[in-house]
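In: all I have is the shape, not the residue letters:
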């Protein structure tokens, strides 16, 4: 943990030299442009990778991308938390329902994709 | 645990790379199976790391929700018939959309979290894309599974309604942004959910392949939007991959139907039941030749090469397995049999390929439009079964035709054409098809499955 703290500390120092008025918690967060860079580059990767997908497998592609977009479960888990010692809050209940919905998709999406891919495999030989 | 927490971002990176490999694997059927496993591993890693780093997570609630989701998801995945894949995928999109909405709502109600100005915009974007995706996908699911009328919602009030909803949504979103008013956020969410309905309801059932691909894209953008709020790179990467994947599929579908995406979204074109086109088709009675399943079987049994053009009508009458049996009988007689697949042969991208794979048609026998179109001139017999518009030569010849410019399978170039159809009625686009009236064409009327079964008997002796 100490390294993380050091980095955060260093970042705070550098940034506060530039803009002393901003609260500390915002400075240690990843700057928007960094996440946006990831976003733009990922779109490019997606564009190139998806064009190489054979048209015969477009339905499995849609099923598996459904499972992948359910990575949103990460956001849901982060909301299914105890707040101020309380277990059941509006936030935790909404979060849990979102975990449920995303899980249906993750398990269902991967399972139905492998079921389809098995059909294609059998015919290979 | 501590070690995992310290390296959380590294593990997220591994997950993101595994997700990219998942999509990359789909360039071949063999690589795809490994790719799918990479995806599962990546997902498991991402979830585990999140459980470790989440501040005071409620493991009981999370575990219960995951278990219930896993049971329902796996059960559905094991039992769903392949013909119902399009509506199943639409339903899955709606779940992603709804999950995004719930996460955004949970976040704005989370007293432990402060939201910066940038995060408020991101929450707003993630939430409204999720809301639209949710109801839009439910409507698409309803239309695909025939639980809602496939007919488009029409009326002059539809467009002003869409605009008013969109303006209201952005207005309340802006109000939330400035004041952090929770009620504005809820109203904004509600409006986005209603807007989703009014965006898709005016689109006809025939355009659903495009719509499903488009919503695939939306569900990815919703995930990316939530990823921005959390500053979580794996969400952003996975969301963007899915977003661009859906966008490419929409583009491919639009091209195959000769439509522009804007044209599909804002209506017009092939509504599925254009009265004018239908009436014009019925007005002229043109001569055509018809024959029996036995005649067809005899012709194909004596041919050197046969190309089968399957359409959705084949799947509707569940004739895929019988068709493959027939193809095997022909192959046993030394006939070269191949299948020609139009991109919109099914109800979603690649749907027909899955239906044929399920019927154990060898992967090598199935060819895409670009691969096989130049071969039709050297083909003895083309068997068109349950397809219509995708073999309509008017798309190449008749500049007046609504489908002019749409890429087609050039079945009319073969030496002989056999068309299996219920009747002479028009296809999805409501158009007459010149192919049916050509001298070298023989119509075989009847239910696809019944006809194919008769053909199997016919080729046997």
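Out: Thanks, I have the structure now. Remember, predicted model here, so these are calculated numbers, not experimental data.
In: drop to CA atoms for contacts and neighbour counts, all remaining ones
Out: Will do.
In: now do the helices in chain A.
Out: In chain A, the segments counted as helices under DSSP state H are A:2-18, A:24-28, A:32-51, A:58-69, A:73-79, A:90-122.
In: mean neighbour count, distance to residue B:317 and mean pLDDT for the ones you listed - can I get that in JSON lines?
Out: What follows is those, written out as JSON lines (neighbours: other CA atoms under 10 Å in any protein chain shown; distance: least, CA to CA, whole Å; pLDDT from 0 to 100):
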{"stretch": "helix A:2-18", "mean neighbour count": "13", "distance to residue B:317": "62", "mean pLDDT": "45"}
{"stretch": "helix A:24-28", "mean neighbour count": "15", "distance to residue B:317": "60", "mean pLDDT": "47"}
{"stretch": "helix A:32-51", "mean neighbour count": "17", "distance to residue B:317": "32", "mean pLDDT": "92"}
{"stretch": "helix A:58-69", "mean neighbour count": "29", "distance to residue B:317": "21", "mean pLDDT": "94"}
{"stretch": "helix A:73-79", "mean neighbour count": "29", "distance to residue B:317": "39", "mean pLDDT": "93"}
{"stretch": "helix A:90-122", "mean neighbour count": "26", "distance to residue B:317": "20", "mean pLDDT": "93"}
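In: of all those helices, which one is nearest residue B:154?
Out: Among the helices of chain A, helix A:58-69 comes nearest to residue B:154, with 29.7 Å by CA to CA.
In: rewinding a little: just put the helices of chain A in JSON lines and tack on distance to chain B.
Out: Output for these, formatted as JSON lines (distance: least, CA to the nearest CA, whole Å):
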{"stretch": "helix A:2-18", "distance to chain B": "8"}
{"stretch": "helix A:24-28", "distance to chain B": "8"}
{"stretch": "helix A:32-51", "distance to chain B": "4"}
{"stretch": "helix A:58-69", "distance to chain B": "5"}
{"stretch": "helix A:73-79", "distance to chain B": "6"}
{"stretch": "helix A:90-122", "distance to chain B": "4"}
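In: residue B:424 is nearest to which of the ones you listed?
Out: Per CA to CA, nearest to residue B:424 of these: helix A:58-69, 31.0 Å.
In: which helix runs longest in chain B?
Out: Chain B, longest helix under DSSP H: helix B:117-144.
In: got the angle between that one and helix A:32-51?
Out: Calculated by axes from the mean of the first three to the mean of the last three CA atoms, to 10 degrees, helix B:117-144 forms an angle of 30 degrees with helix A:32-51.
In: just the mean pLDDT for the very next helix or strand once past helix B:117-144, thanks.
Out: Downstream of helix B:117-144, the first helix or strand assigned by DSSP states H and E is helix B:158-179. The pLDDT scores in helix B:158-179 average 90.
In: ok now do residue B:120, which residues does it touch?
Out: B:177, B:229 (CA atoms under 8 Å, 6 or more residues apart in numbering or on different chains).
In: for residue B:189, see how far away it is.
Out: 14 Å (CA to CA, to the nearest Å).
In: the closest residue to residue B:446 other than its chain neighbours and residue B:121, how far apart?
Out: Nearest residue to residue B:446 in three dimensions, chain neighbours excluded: residue B:422, at 4.7 Å (CA to CA, 6 or more residues apart in numbering or on different chains). Distance, residue B:422 to residue B:121, by CA to CA: 54 Å.
In: kind regards, and thank you for your time.
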